[in-house]
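Visitor: here's a sequence, model it:
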Amino acid sequence: MYITTLLLLLFAVFSLFTDLSVRQRGGFFSDEAAYFSAVQSLAYDHDLQYTRRDLFRIKKEFATGPQGIFLKKGNDGRLFFAKSFIYPLAAAPFYRIGGVRGIFFFHFLLLSLVVLMAYRVARRRFGEDIALPSAIFFLFASIAWVYFFWITADLFNFSMVFLSYLFWFDSREREKPWLWIFLSALCIGLATFSKPPNALLALPLLVDALFVIKRPKRVLLFFLGGAVPTLLLFGLTTLLMGDWNFMGGQRKSFYFTFPFENPGDTFDSLGITMSAANYWQRFFLTPSIFLKNLFYFFFGRYTGLLFYMAPGLLFLTLFLLSRKKEKLGWVILAVFLAEIGIYTAMAPDNYFGGAGSLGNRYALNIYPLLFFLFPYGLNKKKLFLASCWSVLCLGPLLFDPIYYSSYTGELSKNGLFRLAPPELTQVASLPVNINPHVWRIPTGGGCYFTFLNNNFNKVTEGGGVWSYKEGELEFILEAPARSRRFHILLQNNPSPARNRVSLRIGDKRVSYTMGASEVRELTMEGIKPDLVIRDTAFYKGSLVSSTSTIPFFTAKENRDRRRVALFFKPTCEPCAE
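Guide: Down below sits the predicted model:
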């Protein structure tokens, strides 16, 4: 208990004393920009309308402004913040009282309440001996706690779902459960308004009331506490914006220049369209892609539960292996799997939250369900071994959560993550893409690079790339699906040491030993793509070098001061019609 108290005190101290403007490098980006702006507007103007006054307030505190802010034009022409407003509404009073630090204090309260309620419920299910360790393990051996540092709805959604189930199971043990049932329903209702697929999460609780504990009257209270507030909130959204869906209609994202900043800056003349209005025409889904996404959801390098939410996978595994299972556990598991199907089917090219995500932030909405499988056989030894696995995966994150929250693609570039497959179906949304020198670098003939680690120099030489040092440069290569050949140009660094080179694209591999500044041209054909989406083929690849040098110091008349290993340029042969 002492360790838990100190842990929560650490978050409280951060909340009260952190300098957010320094922490945020002068501004907010994407979802954080939209949520923080909405918090300010609700705190000071008591509305969700975007005006020049909102922009002034944001830039007054954060000079770079709300980069990537989402705005939506209502039917009456007014502009609104295009995010669900329940999290900003809950955080606004804390912001008004404590400024930006107040938002983190709100997160601290959510985190503390989850830990205390999880301990209370786990004490009855697992026993006093492992109740607190299991609660701490489930929360802090995953990425869930890291979203404490994010001014987005992710920790809020996670907490609302978790608390809904905790209140419900706690109500089972109370003589007068009505307040707890109402709180459970209210939490799931707020989570549903924030993220509509969460509506399905109420099903296990309703099944429990009707068929397990057989208290049908509780269903009515659950409806009044959850469905009614949710419908009222959606109705308010429709009244304000003319559309219940904050992601639909005329919705855009804005960078660098914002509506009303200058006289000619308008919603229509600026921004990037980011609307769900034509969603069903844009996405591409096949049975093969759906199955790949299911695999990636559990074992992918950037989104896999195995790496980012290992405690949940442990609870799931123990539940399946246990001979003694509660029937309600099967309902919870079925809903969990159904939610995975919903996310991977509705967003096959971005089921996890996009390049700015750390792990699968959308899965935070359903991760709490796994705690309530209440697997038999859970003990301290299993918790310790699973914690060791989480430390091996997330160790750097434990020491520097703010850095990895800002540079979300870095955690997956080392350690055990390198053993996991990259999510080829998510290439346009991978966390590494926040670096503009990484994603879809054109090489010629319709080919594009996406680099998966940092072993490269900035591409400046006709679409080719110099790997930075000896070791592996890992990449994904996009090419027209009907291409038949890759023409490869390799040039060695000027070091006198022989360079052992290995190149792999898809299922084909070649190896050479190259001398100083040696140039080789080769053709690779008949390569099987790792994935084909519409007219684009994706190939996993790697380039391995054994030597590197700095040409300025090793070659006469060479003024290149970069460290380089090998120059690599693949070009697709044009497709025959």
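Visitor: straight-line length of stretch 436-448, end to end?
Guide: Stretch 436-448 has its terminal residues 13 Å apart, counting by CA to CA, to the nearest Å.
Visitor: residues in contact with that stretch?
Guide: 409, 428, 430, 432-433, 449-451, 456, 458-459, 462-465, 477-480, 483, 486-487, 569-574 (CB atoms under 8 Å, 6 or more residues apart in numbering). Glycine gets a C-beta too; all of them are placed from N, C-alpha and C.
Visitor: go on, stretch 219-231?
Guide: So stretch 219-231 is in contact with 178, 181-186, 188-190, 192-193, 199, 202, 205-206, 209-210, going by CB under 8 Å, 6+ apart.
Visitor: can you flag the buried ones in the residues you listed?
Guide: 181-186, 188-190, 192-193, 199, 202, 205, 209 (16 or more other CB atoms under 10 Å).
Visitor: out of the residues you listed, who's nearest residue 299?
Guide: Each of the buried ones among the contacts of stretch 219-231 was checked against residue 299 using CB to CB; the closest is residue 199, at 27.9 Å.
Visitor: give the buried subset of the contacts of stretch 436-448 as a PyMOL selection command.
Guide: Entered in PyMOL, the line below selects the buried ones among the contacts of stretch 436-448, by 16+ other CB under 10 Å:
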select buried, resi 409+430+432+433+449+450+451+456+459+463+464+465+477+478+479+480+483+486+487+569+570+571+572+573
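Visitor: among the contacts of stretch 436-448, which are in strands?
Guide: 449-451, 465, 477-480, 486-487, 569-572 (DSSP state E).
Visitor: with pLDDT added, can I get those in JSON lines?
Guide: Below are the ones in strands among the contacts of stretch 436-448 laid out as JSON lines (pLDDT from 0 to 100):
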{"residue": "449", "pLDDT": "90"}
{"residue": "450", "pLDDT": "94"}
{"residue": "451", "pLDDT": "95"}
{"residue": "465", "pLDDT": "93"}
{"residue": "477", "pLDDT": "95"}
{"residue": "478", "pLDDT": "94"}
{"residue": "479", "pLDDT": "93"}
{"residue": "480", "pLDDT": "92"}
{"residue": "486", "pLDDT": "90"}
{"residue": "487", "pLDDT": "93"}
{"residue": "569", "pLDDT": "94"}
{"residue": "570", "pLDDT": "93"}
{"residue": "571", "pLDDT": "92"}
{"residue": "572", "pLDDT": "86"}
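Visitor: ok, these vs residue 391, which is closest?
Guide: residue 451 (27.5 Å).
Visitor: for the closest one, give its distance to residue 396.
Guide: Remark: distance between residue 451 and residue 396 (CB to CB, to the nearest Å) = 20 Å.
Visitor: before we move on, the earlier item: can you tell me which of the ones in strands among the contacts of stretch 436-448 lies closest to residue 343?
Guide: Using CB to CB, the ones in strands among the contacts of stretch 436-448 come closest to residue 343 at residue 450, 22.7 Å.
Visitor: that closest one: what's it in contact with?
Guide: 427, 430, 432, 433, 438, 439, 440, 441, 475, 476, 478.
Visitor: which one is the last one nearest to, not counting chain neighbours?
Guide: Think residue 478. In space, and not counting its chain neighbours, residue 478 is closest to residue 448: 4.2 Å by CB to CB, 6 or more residues apart in numbering.
Visitor: follow-up on the earlier one: okay if I get the ones in strands among the contacts of stretch 436-448 as CSV plus distance to residue 77?
Guide: Shown next, in CSV, are those (distance: CB to CB, whole Å):
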residue, distance to residue 77
449, 43
450, 40
451, 44
465, 47
477, 46
478, 41
479, 45
480, 43
486, 52
487, 54
569, 50
570, 50
571, 49
572, 47
